[in-house]
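Chemist: turn this into a model:
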Amino acid sequence: MLSNTMPLLFDLLKCHATPGDEDEVAELLLKTWKEAGWTTQSLGRYAVTAVREPDGAPADAKTILVCAHMDSPGFIVQSVNKDLTVNAINIGYPHFDEPETAVVVKQADGQKIPATLYNQPEDMKIYPLVAESPLMRGDRLCYACEPSVHDGIIESPFLDNRLGCFALCEIAAAVKSPKLRVMLAATSGEEFTGFGASVLAAHCKPDLIICLDATYEEEEQNVLIGNGPVLTVSDKSVLLSQKTVESLKRHCAAWGVPLQTEIYNFSGTDARAFPSQGITAPALPILIPTTGNHTPLETASLQDIEALNALLFKLCTDEAAVASLLDDIASF
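Modeler: Numbering: from 1, shown residues only. This is a model prediction of the structure:
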């Protein structure tokens with residue numbers, strides 16, 4: 001399936017989308033969803049959504065929300081100095097170990113300028129910048145991007161979280177006549193402020209929430225690239241019960257879809273926004289394992305992307321299984 005849609009994934013990866021400036025990703029998502037026949041909406045500059053209504057199902061059909069975030073960590077020009085040197089600071093905690101890295105500067109008029117960003121000691125958090133044209137305070141920077149695939153592994157910046165956005169497009173193409181109400185959503189600012197998910201949560205009443213993101217390959221927990229998507233049991237945004245974890249594992253086994261689990265208590269996903277807005281629906285963070293998170297070279301497995309797509313398709317179409325899952329986990 002991916003061989004036919006890889007150009008779309010590459011297009012998503014090549015979008016310039018630092019936190020708060022996600023226009024290119026939003027426009028591509030809305031276009032793709034509309035072409036697939038979904039009803040779309042923009043929630044200001046905080047989120048874009050698409051809805052597919054149930055086919056012949058009752059009005060009280062369950063609503064499944066699958067959401068990802070459009071932004072990736074980047075940099076912003078903080079100062080243009082009297083000697084015409086330029087300094088940038090990070091937005092969303094990108095990092096690179098090399099002395100310098102190639103970036104693309106996006107200006108207010110949409111013009112894109114190649115540039116070089118130079119590393120500094122970690123405690124300074126100021127990055128000198130050299131560009132081919134004059135820059136202004138507020139110009140945005142992202143890593144230069146040339147995605148590639150070798151031996152079933154994709155290499156590119158921004159896999160966190162354009163892979164989630166890509167999954168939303170795959171669902172839109174695959175889900176034609178659901179018995180469940182399916183809502184797709186992509187939020188802004190997940191890497192910095194998190195406001196997009198809060199606005200989304202205030203505008204929907206889902207019965208089950210799937211939050212897509214990327215996570216880290218970690219051998220100590222046996223979370224490995226190539227072994228399938230990852231359910232986050234515990235982090236700064238979520239703490240799932242054992243009953244919830246075991247129920248999803250059983251359903252994944254029945255569907256023939258691999259599922260890994262992880263536990264850590266730093267960082268988090270958009271999942272935190274929903275209970276904070278009074279949403280009582282269970283929120284399940286389902287992530288793709290990667291390496292090089294937030295660096296100029298991230299990697300992920302095409303096999304894991306396929307497995308995630310298969311899992312999401314079941315969650316959006318298997319009415320009986322979703323009812324069983326919700327009976328298990330939705331309340332005490």
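Chemist: please enumerate the helices of the stretch 1-150 of the chain.
Modeler: Counting by DSSP state H, counting those that start in this stretch, the stretch 1-150 of the chain has these helices, from start to end: 2-13, 23-35.
Chemist: tell me the helices and strands packed up against the last one.
Modeler: Under the contact criterion of 3 or more CB pairs under 8 Å, 6 or more residues apart in numbering; DSSP states H and E, helix 23-35 touches helix 2-13, strand 39-43, strand 47-52, helix 159-174, strand 181-187. Using the backbone N, CA and C atoms, a C-beta is placed for each residue, glycine as well.
Chemist: repeat that for 10 Å
Modeler: Secondary-structure packing of helix 23-35 (3 or more CB pairs under 10 Å, 6 or more residues apart in numbering; DSSP states H and E): helix 2-13, strand 39-43, strand 47-52, strand 63-69, helix 159-174, strand 181-187.
Chemist: that older thread, name the stretch among the helices of the stretch 1-150 of the chain that sits most buried.
Modeler: Stretch with highest mean neighbour count among the helices of the stretch 1-150 of the chain: helix 23-35 (a mean of 18; mean count of other CB atoms under 10 Å).
Chemist: show me the protein divided up by domain.
Modeler: For the chain, automatic domain parsing gives the domain ranges 2-72+148-329, 74-143.
Chemist: which of these sits most buried?
Modeler: Among these, domain 2-72+148-329 has the highest mean neighbour count (mean count of other CB under 10 Å), at a mean of 19.
Chemist: and that domain, average pLDDT?
Modeler: On average, the pLDDT along domain 2-72+148-329 is 95.
Chemist: ok, the residue nearest the centre of the chain - contacts?
Modeler: In the chain, the C-alpha closest to the average C-alpha coordinate belongs to Asn161, at a distance of 3.2 Å (CA atoms, centre = their mean). Residues near Asn161 by CB atoms under 10 Å, 6 or more residues apart in numbering: 12, 25, 68-72, 167, 186-187, 190-191, 211-214, 269-270, 287-288, 290.
Chemist: got CSV for the helices of the stretch 1-150 of the chain, with distance to Lys176 too?
Modeler: Output for the helices of the stretch 1-150 of the chain, formatted as CSV (distance: least, CB to CB, whole Å):
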stretch, distance to Lys176
helix 2-13, 16
helix 23-35, 13
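Chemist: show me what the strand or helix carrying Cys252 packs onto, helices and strands only.
Modeler: For Cys252, the host element (DSSP states H and E) is helix 242-255. The helices and strands touching helix 242-255, judged by 3+ CB pairs under 10 Å, 6+ apart, are strand 230-234, strand 260-263, strand 283-290, helix 302-317, helix 319-329.
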